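In: Sequence plus predicted model, see below.
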Amino acid sequence: MIELVEAGVEGRLEPTSLRLAERRVAVIGSNGSGKSTLARLLNGLVEPTSGRVLVDGLDTRRDGREVRRRVGFVFTDPNAQLVMPTVAEDVELSLRKTHREKASRTAAALAVLERFGLADLAQRSVHALSGGQRQLLAIATVLATDPAVLVADEPTTLLDLANTRRVGEVLLGLEQQLVLVTHDLELAARCDRALVVHAGAIAFDGPAATAVDRYRTLVS
Amino acid sequence: MSAPLGVHQPGTSLLHRTTPGPKLVALLLFSVVVLMVHGPWSAVGFVAGTLVLATVAGLSARSVLAALRRFAVVAALLLAFNAWQNGWPRAIEVVGDLTALILAATVLTATTAVNDLLDTIVRALGPFRRLGVDPERVGLAFSLTLRALPGTLELAAETRDAARARGLERSLRARTTPLVLRVVARARDTGDALHARGIAD
């Protein structure tokens, strides 16, 4: 359960109060509206300059490390996120803390790749992957540690239609709670709830389909 | 795009089976020897030796050439400059020594998975923990460096293409300013991502 208590970031997001309990929450809005700031507040990458952000009762400012263990984060550009040369090694990097033993770490990494249909790419160089495969890998590396919540900041913006669908299906099918920042309104409409962010404030909060309509009128 | 020092190529050669520790120490000793022994003939010998090593490791001629091609321009410049300033023997020594070191490093990265290398570095630094060294952090810095090289080359190629598309291929500013900005932005994003993954905590 994520809770914002009058949480604001000066110059970027007005003080906002929210409770996010739905399994799939979409965040839509124009470029520069404050969506990314809102997303980054949820795992403590950005700390509120006023108010508090709580994840399962933990304050992101005080218990940042513990919060980030519970809230995974996927970025728009998987290149920034993938740091190891090969696919399997990048997943293993996530598992270094939980699996001290090399053999069990390798096995766990393979199991994660299997889950996302990336097992045959395990020994492949990260550079040799397509954009869609890289984003799936980025998602896999984050989910490897089993966070309770996944925040994704425009995860399909750089992808083609087929990969957008594939990544979208994976994200919407997760058992974890999902907070999805996106410009893909089709994807947003399939969530349980959506927030429209406009000029640094929440302009609408409610059922996803209504939110998408509201966003369209806001722009036109 | 291939990595400048070659990516890990799984295999079963003697060099693959050797643990990273001895290989790292060997590379270190080899580097010292290469730098201490002077003369063009020894340099040629070092290159020949590392080529044999690459063959033992089962590296294809293509990946060896790929590793050397990136160095070709610098090598040509170094060769020309040293031949002019210090004469041919010295020029061959400098370029030969560097080529041998690049080949040796390529063999190391090709036969060693980065995670194994990290494990070794972390283990080797263990005793220094008492002095305030965080071995995990040092290991991570190594892997980030290895990853940053191909990433930066990729950004450089993109920036060059963008400058060419605008007809600015001769403008130093159009080729460098975006590159610097993007490298810094990439570094910041990578920092955010590591932070989010809880790796640097």
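Out: Cool, got the structure.

In: Mean confidence (pLDDT) on the lengthiest helix in chain B, please.
Out: The helix of greatest length in chain B, counted in residues with DSSP state H as the criterion, is given as helix B:135-165. Here the mean pLDDT over helix B:135-165 is 82, rounded to a whole number.

In: Quickly note the distance from the residue nearest to B:Val94 when sequence neighbours are not counted to chain A.
Out: If the residues on either side of it in the chain are set aside, B:Val94 comes closest to B:Asn82, at 5.3 Å by Cβ to Cβ, 6 or more residues apart in numbering or on different chains. For the C-beta atoms, the positions are set from N, CA and C on the backbone; glycine is no exception. Between B:Asn82 and chain A the computed distance is 33 Å (Cβ to the nearest Cβ, to the nearest Å).

In: pretty sure B:Asn82 is in a helix, no?
Out: Yes - if the criterion is DSSP: H, G, I helix; E, B strand; the rest coil, then B:Asn82 is within a helix.

In: I'd say it and B:Ala91 touch.
Out: Yes - the pair B:Asn82 and B:Ala91 passes the contact test of Cβ atoms under 8 Å, sitting 3.6 Å apart.

In: Following the chain onward from the helix or strand of chain A with the lowest mean pLDDT, which element is next?
Out: Within chain A, confidence by mean pLDDT, DSSP states H and E is lowest for helix A:78-81 among all helices and strands, at a mean of 83. Stepping forward along the backbone from helix A:78-81, the first helix or strand reached (DSSP states H and E) is helix A:87-95.

In: That next one to helix B:135-165, inter-axis angle?
Out: For helix A:87-95 against helix B:135-165, the angle by axes from the mean of the first three to the mean of the last three Cα atoms, to 10 degrees is 130 degrees.

In: can you pull the pLDDT of the residue nearest to B:Val94?
Out: The confidence metric pLDDT takes the value 91 at B:Asn82.

In: who touches A:Arg124 in this structure?
Out: A:Thr86, A:Val87 (Cβ atoms under 8 Å, 6 or more residues apart in numbering or on different chains).

In: which bits of chain A sit near chain B?
Out: When proximity is defined by Cβ under 8 Å from any Cβ of the partner chain, chain A lies next to chain B at A:43, A:45, A:65, A:68-69, A:72-73, A:75, A:77, A:79-86, A:89, A:92-94, A:96-97, A:102, A:123, A:125, A:127, A:141-142, A:145.

In: Could you pick out the buried ones from those?
Out: Neighbour-count burial (16 or more other Cβ atoms under 10 Å in any protein chain shown) applied to the residues of chain A next to chain B gives A:43, A:45, A:68-69, A:72-73, A:75, A:77, A:79-86, A:89, A:92-94, A:96, A:125, A:127, A:141-142, A:145.

In: that older thread, can you pull out the residues in contact with the least confident helix or strand of chain A?
Out: Under Cβ under 8 Å, 6+ apart, the answer for helix A:78-81 is A:74-75, A:131, A:134-135, A:137-138, A:141-142, B:151, B:186, B:189-190, B:192-193, B:197.

In: Hmm, which of those is lowest in pLDDT?
Out: Between the contacts of helix A:78-81, the one the model trusts least by pLDDT is B:Gly151, at 78.

In: surely that residue meets B:Arg186?
Out: Yes - A contact is recorded between B:Gly151 and B:Arg186 when judged using Cβ under 8 Å, the distance being 6.6 Å.

In: quick one: the helices in chain A?
Out: In chain A, the helices defined using DSSP H lie at A:35-42, A:64-70, A:78-81, A:87-95, A:102-115, A:131-143, A:161-172, A:185-189, A:208-219.

In: and those, which one's lowest on average pLDDT?
Out: Lowest mean pLDDT within the helices of chain A: helix A:78-81, a mean of 83.
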